[in-house]
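Novice: Got a predicted structure plus its sequence, pasted below:
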Amino acid sequence: MANILLACIEPLFSAGASSALKDQAHEVPTCVFNGAAAIAALRSTAPDLLVLDFMLPDTNGTEVLQWLRQSRRNLPVLVLGNDYQPHFIDLARQYGAAGYLSRSEPPEQLLLAVRTLLSGRTFFPRHAFEDVSRRPGDRQESRLLATLSPRELTVMKQLAQGNPIKSIAATMKLSPSAVSTYKTRLFQKLDLHSNADLLAFAWRHGVAPAAGLGKMHFASGQGSRLQEFIEMLPFPTALRARDGALLLCNQGFADLHGLSRQACLGMEIAPNGIVGEQLTEQVRRGYLKAVADARSFVSDFVAHFPQGPRTVRVWGVPHRDESGQVLGMLCAIVDVSDFDSEVAQLTQAQQRMLSLRQLRTHFFIAECKRFEEQLSILEEQLADLAKSTPEAASLRNPVGMLKRHTELLLELAELDQGNRVPLPETCDLSALTNQALETFARRYAASVTLSLPQTATCAWMDAELYGELLATALAFVSAESSANLHVEARQEYRGHGESVWRIDVNTPDAGLPFDRFDAHLGLARRLAPLIRASLTFSGLPLRLPCVIELQLLSGPEPPFGPPPSPST
């Protein structure tokens, strides 16, 4: 009988094939698991037949066939592949192989192929070519695949198995940059755009095995432990292979799909009928990309289950073997239909509120503008009346205050509508405060004395809005008490680029009624955040001096300068 050298990537297949061949009185002195070992064995022995896996690591099957051709060895070779892929069948014939067989075939087919080759004939099963003829798309891709060199095929296989570039470089004894170059060529030649595209292409054409049903091998007891773990989870959960085929699931998953757990086995991710055709492809590509990148994924979509359409969130995390190789994904389905409905209702309610708010704001702006026009007319009439009746001049101050309050209300409404955007900049607080007080003194014929810090007082704010805030506060103080004001401003440093700008407004009177002060300065309180500041009022109960504090960010330039030392 024959002496047969067996070179296969799968130890389990090698063990089974070796046993079957020995039962037929063949000799299988050794089994090797990579191309380099196969060539070494061929140099040291003279087998009658070589059973060669195309996808050997290190040196692949085509490189072994090339070595045989260059060595002028007249040795029949039976090539093993993952499936009957047209490209590999063609390659096997081009490189001189006498036969081709899928590893998924039963042992009887292997023995038939061996007998055929040992008799001097070729073995290329007819149904393999019939399968090929029914897939015109695959034939086009096969022509692209035929342009790859053996090294490029090896890199493609390694990438499809999830191996990083550094690991591939070490296995192939190349530099990482060389492997990256091969990867770039692969993408260009095959018109690929992502790792997911490469993975799908490799699986379609048998360059790398698709870890489908029955192709994920668990260590002793691991499968049952996984099943127990999945069964404990409170939501529908499944373990899927690298290609998305379902391997294990819990009862919740089966119930959701209206099937038995046995019927769920092999189910692809997002099958047609549950989601639309376009979404099926989108979800599948997302899954393959997550497998290729060895990362988790989350996907939301509407699925049509037997119970009716539901909005679901599907998430998956990589399932790895002891060496860290990604074997598949542990996936779960969470029904978020109720949450999705609540979000939709809240979104609709928010839109209604925004629409109503916009309508009210438009009405408010229109009425404020009409009121402002009436105040301007009243102001002119009071000016004419004051010429003949001097006592009427005192009425102009409250009218002027109402007009300024109306202007500020319009300002706030326009800010709220987005018609005006605050423009913070580096400001000199002392200069701005002095300018605001001078304007106030001229407008209200008031006597104002001002005490300012001697050091630089810079902050980051909208200068125009700060002036309006200060004018509002001073106008109220002037209207409620004496027109003689003493204003003292100082800056307190808080660290972390922050400081407090404090303004004390004192009058000869005992103070202002607290309730009226707080109510009238409500407008100023609302205006404060718009100048990028937080505003607080402090004082004693019942009656108090006017104290305004602004917590501000320091301007980038000029700097605040160092805080005053304790000795000064």
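Specialist: Everything's here; your move.

Novice: residues touching the residue of the chain positioned farthest from its centre, list them.
Specialist: Distance to the chain centre peaks in the chain at Ser388, reaching 74.8 Å (criterion: Cα atoms, centre = their mean). Ser388 sits next to no residue when contact means Cβ atoms under 8 Å, 6 or more residues apart in numbering. Just so you know, the C-beta spots here come from the backbone N, C-alpha and C atoms, and that holds for glycine as well.

Novice: Val314 too?
Specialist: By Cβ under 8 Å, 6+ apart, the neighbours of Val314 are Ala270, Val283, Val298, Ser299, Asp300, Phe301, Cys331, Ala332, Ile333, Val334.

Novice: What is the burial count for the fifth one?
Specialist: Right, Asp300. Asp300 has 12 neighbours, counted by other Cβ atoms under 10 Å.

Novice: quick one: the nearest residue to it once chain neighbours are set aside and Gln85, what's the gap?
Specialist: Using Cβ to Cβ, 6 or more residues apart in numbering and skipping residues adjacent in sequence, the residue nearest Asp300 is Arg313, 5.1 Å away. Noted for Arg313: a distance of 36 Å to Gln85, by Cβ to Cβ, to the nearest Å.

Novice: of these two, who's got more company?
Specialist: Taking neighbours as other Cβ under 10 Å, Arg313 and Gln85 compare with Gln85 leading, 25 against 16.

Novice: Verify the stated contact: that one with His205.
Specialist: Yes - shown here, Gln85 and His205 form a contact pair, counting by Cβ atoms under 8 Å, at 4.8 Å.

Novice: what's the helix or strand for the residue nearest to Asp300?
Specialist: strand 308-320 (DSSP states H and E).

Novice: in its sheet, what does that strand sit against?
Specialist: Paired strands of strand 308-320, with direction, are strand 297-305 (antiparallel), strand 326-335 (antiparallel) (DSSP bridges).

Novice: what distance separates the longest one from the centre of its chain?
Specialist: Put plainly, it is strand 326-335. Offset of strand 326-335 from its chain centre (Cα atoms, centre = their mean, to the nearest Å): 18 Å.

Novice: Next, the angle strand 297-305 makes with the following helix or strand past that strand.
Specialist: Next in sequence after strand 326-335, counting helices and strands by DSSP H and E, comes helix 337-388. Interaxial angle, helix 337-388 versus strand 297-305 (axes from the mean of the first three to the mean of the last three Cα atoms, to 10 degrees): 110 degrees.

Novice: Looking at helix 337-388 now, give me its mean pLDDT.
Specialist: Helix 337-388 carries an average pLDDT of 81.

Novice: With only the CA atoms kept, save the helix or strand following that helix in PDB.
Specialist: The helix or strand immediately downstream of helix 337-388 is helix 396-417, counting by DSSP H and E. Taking C-alpha atoms only, helix 396-417 is exported to PDB below (Å, rounded to 0.1, in the frame of the first residue of the first chain):
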ATOM      1  CA  ARG A 396     -39.700 111.700  33.500                       C
ATOM      2  CA  ASN A 397     -37.400 109.500  35.700                       C
ATOM      3  CA  PRO A 398     -39.900 106.600  36.200                       C
ATOM      4  CA  VAL A 399     -40.900 106.800  32.500                       C
ATOM      5  CA  GLY A 400     -37.300 106.600  31.500                       C
ATOM      6  CA  MET A 401     -36.800 103.600  33.800                       C
ATOM      7  CA  LEU A 402     -39.800 101.900  32.300                       C
ATOM      8  CA  LYS A 403     -38.400 102.500  28.900                       C
ATOM      9  CA  ARG A 404     -35.000 101.100  29.800                       C
ATOM     10  CA  HIS A 405     -36.600  98.100  31.400                       C
ATOM     11  CA  THR A 406     -38.600  97.500  28.200                       C
ATOM     12  CA  GLU A 407     -35.400  97.800  26.200                       C
ATOM     13  CA  LEU A 408     -33.800  95.200  28.400                       C
ATOM     14  CA  LEU A 409     -36.800  92.900  28.100                       C
ATOM     15  CA  LEU A 410     -36.600  93.100  24.400                       C
ATOM     16  CA  GLU A 411     -32.800  92.400  24.600                       C
ATOM     17  CA  LEU A 412     -33.500  89.300  26.700                       C
ATOM     18  CA  ALA A 413     -36.300  88.100  24.300                       C
ATOM     19  CA  GLU A 414     -34.000  88.500  21.300                       C
ATOM     20  CA  LEU A 415     -31.200  86.700  23.100                       C
ATOM     21  CA  ASP A 416     -33.700  83.900  23.900                       C
ATOM     22  CA  GLN A 417     -34.700  83.700  20.300                       C
END
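
Novice: And the strands in the stretch 101-250 of the chain?
Specialist: Along the stretch 101-250 of the chain, the segments classed as strands by DSSP state E, counting those that start in this stretch run 237-241, 246-249.
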